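**Q** I need the structure of the sequence given here:
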Amino acid sequence: MKKVLKMIGLILISIIVIGFVILLVVLKILGSRPAAPADYQQTVQTGGNIEKKYMENGPYEVSTHEAAALQQFGKFIVYYPAKLETSGDQYPVIVICNGSGTPLSKYPAVSTHLASWGFIVIGTEESYSWNAFGAEMCLRYLERCNDNEKIEDTASIFYQKVDFNHVGVVGHSQGGVGVMNAITDTAHKNIYKAAVSLSPTNKELAHNLLWDYNASLINTPIMLISGEGGGDDWVVTGEQLQDIYHDIDSDKLMARRIHTAHNEMLYTCNGYVTAWFMWHLQGDLEAAGAFTGENAEIMNNSLYQDQRRDLQ
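**A** Residues are numbered from 1 along each chain as shown. Below you'll find the predicted structure:
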């Protein structure tokens, strides 16, 4: 009997060990997957000509630059128009706030897409972006690069190339909270001219996680977009998104993309995310047509619901 029990025990232990190994393998596979598919621009459905245009890549070839960063940030990653290196022009900036456990290196397709439209796009590898400290560090890093011909005996690619009069910020999920804190509770809060918060953590959940934010302090034009995945975006329901929207006393727009899961919101609406920044940071009037006027495209796009806007 003891031998039988011992055999059963060994079998159970073997099953547990094998199961644990399988779990590690699965987690490794999942962890290696990009958070945004490399081909999302070709596979995501669009519902209007403006959304379609800005879902495609822009006219600029894109290069990347990396620099070590202290603490939990890991490194700064910058995507930028390759033309910047030989041009005498300055380029507008988009700062990215990461979602939970989603470093910038996991969604290069999104950064490349934005940079191809003429933006310097910067973010870090941090996992906790809710307080916007990473966004603040990104701007300080760009200021250093812009103000110095050399950084530690290396020529600065971005010396006098950064347009700090046209800076935007975007983030998804926890990063959506980071966006709102970046424009209300950082030293550089007044530098931002446009913001996009994608499926931001609802106020109650954020409070319980100690990720508090106060949307009533926002005075930066902001677009809020969440998903509706066959029921709702589990991080922010339609009612919760409207609650955030109503707190804001500034230029604002909200919409919910139908049949779209929370994680997919990182990239699914990037046609309109790009257009929003093209309008506010580059003065693109065609892009503005997605949001302004009686026939604003996003307000009539059948892929979206619960659209609201208050734009001057």
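
**Q** now the strands for the stretch 101-250 of the chain?
**A** Secondary structure of the stretch 101-250 of the chain (DSSP state E, counting those that start in this stretch): strands at 120-124, 150-151, 154-155, 162-172, 192-198, 222-228.

**Q** Present these as TSV; the columns should include mean pLDDT, mean neighbour count and distance to Val236.
**A** Any C-beta I mention is one placed from the backbone N, CA and C, and that applies to glycine too. Formatted as TSV, the strands of the stretch 101-250 of the chain follow (pLDDT from 0 to 100; neighbours: other CB atoms under 10 Å; distance: least, CB to CB, whole Å):
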stretch	mean pLDDT	mean neighbour count	distance to Val236
strand 120-124	97	28	22
strand 150-151	86	12	39
strand 154-155	88	8	42
strand 162-172	98	24	11
strand 192-198	98	26	9
strand 222-228	95	26	5
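
**Q** Kindly reformat these as JSON lines and extend each row with distance to Tyr245.
**A** Output for those, formatted as JSON lines (distance: least, CB to CB, whole Å):
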{"stretch": "strand 120-124", "distance to Tyr245": "25"}
{"stretch": "strand 150-151", "distance to Tyr245": "41"}
{"stretch": "strand 154-155", "distance to Tyr245": "45"}
{"stretch": "strand 162-172", "distance to Tyr245": "17"}
{"stretch": "strand 192-198", "distance to Tyr245": "10"}
{"stretch": "strand 222-228", "distance to Tyr245": "6"}
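
**Q** ok, now which ones touch the residue nearest to Tyr213 when sequence neighbours are not counted?
**A** Using CB to CB, 6 or more residues apart in numbering and skipping the chain neighbours, the partner closest in space to Tyr213 is Met180 (4.5 Å). Neighbouring residues of Met180 by CB atoms under 8 Å, 6 or more residues apart in numbering: Ala195, Ser197, Pro200, Tyr213, Asn214, Ala215, Ile218, Ile222.

**Q** Got the confidence number for Met180?
**A** At Met180, the pLDDT value in this model is 98.

**Q** now the one 3 residues further on
**A** pLDDT recorded at Ile183 is 98.

**Q** How much space separates the closest residue to it other than its chain neighbours from Gly101?
**A** Nearest residue to Ile183 in three dimensions, chain neighbours excluded: Thr220, at 4.4 Å (CB to CB, 6+ apart). Thr220 sits 27 Å away from Gly101, going by CB to CB, to the nearest Å.

**Q** who has more neighbours, these two?
**A** Higher neighbour count among Thr220 and Gly101: Thr220, with 25 against 12, using other CB atoms under 10 Å.

**Q** you'd agree the more buried one is up against Ser197?
**A** No. Using CB atoms under 8 Å, Thr220 is not in contact with Ser197, being 10.6 Å away.

**Q** returning to that earlier point: let me see the backbone angles for the residue nearest to Ile183.
**A** Thr220 adopts backbone torsions of phi -100, psi 140, taken as degrees, to the nearest 10.

**Q** What separation is there between it and Pro92?
**A** 15 Å.

**Q** quick revisit: roughly how far apart are the residue nearest to Tyr213 and Thr201?
**A** As judged by CB to CB, Met180 and Thr201 stand 10 Å apart.

**Q** The residue lying closest to Ala187 once chain neighbours are set aside: what's it in contact with?
**A** Leaving aside its sequence neighbours, Ala187 sits nearest to Glu136 (CB to CB, 6+ apart; 6.3 Å). Glu136 sits next to Ala182, Thr186, Ala187, His188 when contact means CB under 8 Å, 6+ apart.

**Q** how close does the second one get to Glu239?
**A** Right, the one you point to is Thr186. From Thr186 to Glu239 the distance is 29 Å (CB to CB).

**Q** again with the first one
**A** Counting by CB to CB, the gap from Ala182 to Glu239 is 25 Å.

**Q** No more questions from me, cheers.
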